[in-house]
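Visitor: Next comes the sequence, and after it the predicted model I'd like to discuss.
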Amino acid sequence: MSQARDHGGGRRQTRPFRNRVAGPAASVRRAVAQLAAGAPVLPVLIVSVIVLTDLAGGAGMIWLPMLAAGPALAATTNGPRGVLCVGVLAAVLGAALGSRDGVPGRELAAVLSALGAVTLASALTSALRGRRERVLAAVRSVAETAQHALLKPVPATVGPFQVAVRYSAAAAEARIGGDLYALIPTPYGVRLIVGDVRGKGLPAVGTAALVLGVFREAAYDEPDLLAVVDRIERSLARNLGGDDFVIAVVAGYPRPGQLEVVNCGHAPPLLVRASGSVAVVEPTQPAPPLGLRALAPHTPGLQVLPFADGDQLLLYTDGVTEARDHGRAFYPLDEGLARHVSDDPARTLGALHDELLAHVGGRLHDDAALLLIRKPVPSEPAPEAGAPGDTATPRTTSCASVCKPLEGTMS
């Protein structure tokens, strides 16, 4: 037993020695790996080309000032350390070339001084750029958190409906904005809202949060769908400015086979019958956008539609219908829906999304959101309850979406 303990003690005594030997080598390897990972390849390549050109032509002072391009370019892609490394490399090579070509001392000193000044200025520029990038990353992180807090993910089934959501941002920076939607079960059936806020930036986000907060409360409290819309209108009238408003569609499923729709200046939903036919749900009583009722004589009207097993309803934002191809033709959403409609809302929206991207040439110029509900046929196998719906995260997310502010008359 004592021998075993002694052997163990001997092993413990040799480990620090091995660590001391291996430690510097491991540190060197890590440093080399980090340098290689962040090496300013292009700036070094440019410096190398200038050096080779000078060696080939022996031009002396003609090419030496061009060495400053190395650290200047490194500032756009690398940190201060990389810039300084390129500057030191350029200075050493410049001094060697100047001595080789017989450049007068004063001229060589002037070139090297200018190279040093460019290197220091480039290093400072790189440090400031890195700081701005970190601040931007923090802001984007806060925007993503606000997005998920504002609009919650939509499951694959809500009440008696199959549900799918698809959202595509026009740019990676467009994480949060003024488009909104929500779909919730209530004591009075499933209710949903899709809307667009006029404006941009944080004011639009605040208005979207206000609308969704009032909708979620009123949808649980008010038996009448028009009363839900009235509460949203009153809240916006108290909190919005004179030029602000929200266009929205509010829908509800109060009883089997019956769908209620209230359209407040929004693009009309598309109704897909079980037979596959697509119809535009034009409002029977046009109403002004939310927040502008005091300026218009019309009030929202309740539109009741039959909604049988196998029927579907698509709501969308204007980023879909205003998407144009290279010939400036709008995307025909109703035709695309008729082509791709299926018994699986997620598959339908996936096909529509792919066709929409193909129509615009691969990149949307406005954010686009789609929400599709379907009443399954009783004979169909029920989807797994609580499964996450088709969502889109940036570049395509399916969580509750926030989109870019409206254009045209809403800008």
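Guide: Structure received.

Visitor: residue boundaries of the strands in the stretch 251-400 of the chain?
Guide: Taking DSSP state E, counting those that start in this stretch as the criterion, the stretch 251-400 of the chain contains strands spanning 258-264, 270-272, 278-280, 303-306, 312-316, 368-374, 392-393, 396-397.

Visitor: which one of the ones you listed is the most hemmed in?
Guide: strand 368-374 (a mean of 28; mean count of other Cβ atoms under 10 Å). Quick note: C-beta positions are derived from backbone N, CA and C, even for glycine.

Visitor: got a list of contacts for that one?
Guide: The contact list for strand 368-374 (Cβ atoms under 8 Å, 6 or more residues apart in numbering) reads 154, 158, 161-168, 170, 179, 181, 183, 190, 192, 194, 310-317, 319-320, 323, 343, 345, 348-349, 352-353, 356, 401, 403.

Visitor: quick revisit: could you dump the strands of the stretch 251-400 of the chain into JSON lines and include distance to residue 250?
Guide: Output for the strands of the stretch 251-400 of the chain, formatted as JSON lines (distance: least, Cβ to Cβ, whole Å):
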{"stretch": "strand 258-264", "distance to residue 250": "5"}
{"stretch": "strand 270-272", "distance to residue 250": "16"}
{"stretch": "strand 278-280", "distance to residue 250": "18"}
{"stretch": "strand 303-306", "distance to residue 250": "11"}
{"stretch": "strand 312-316", "distance to residue 250": "10"}
{"stretch": "strand 368-374", "distance to residue 250": "13"}
{"stretch": "strand 392-393", "distance to residue 250": "23"}
{"stretch": "strand 396-397", "distance to residue 250": "24"}
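
Visitor: Run through this protein and note the low-pLDDT ranges.
Guide: Scanning the chain with the threshold set as pLDDT under 70 gives 1-39, 58-61, 143-144, 146-147, 151, 169-177, 200-201, 367, 381-411.

Visitor: and the longest helix for it?
Guide: Looking across the chain with DSSP state H, the single longest helix is helix 105-150.

Visitor: right, and the helix or strand after that helix?
Guide: Downstream of helix 105-150, the first helix or strand assigned by DSSP states H and E is strand 157-158.

Visitor: who does that next one pair up with?
Guide: Each strand that pairs with strand 157-158, with its direction, by DSSP bridges: strand 161-168 (antiparallel).

Visitor: what's the burial count for residue 57?
Guide: Residue 57 has 11 neighbours, counted by other Cβ atoms under 10 Å.

Visitor: Next up, the contacts around it.
Guide: For residue 57, the contacting residues are residue 63, by Cβ under 8 Å, 6+ apart.

Visitor: can you start the count at 31 instead of 1 from here on
Guide: Sure, I'll start counting at 31 from here, so that last one is residue 87.

Visitor: how much space between it and residue 330?
Guide: Distance of residue 87 to residue 330, given as Cβ to Cβ, to the nearest Å: 80 Å.
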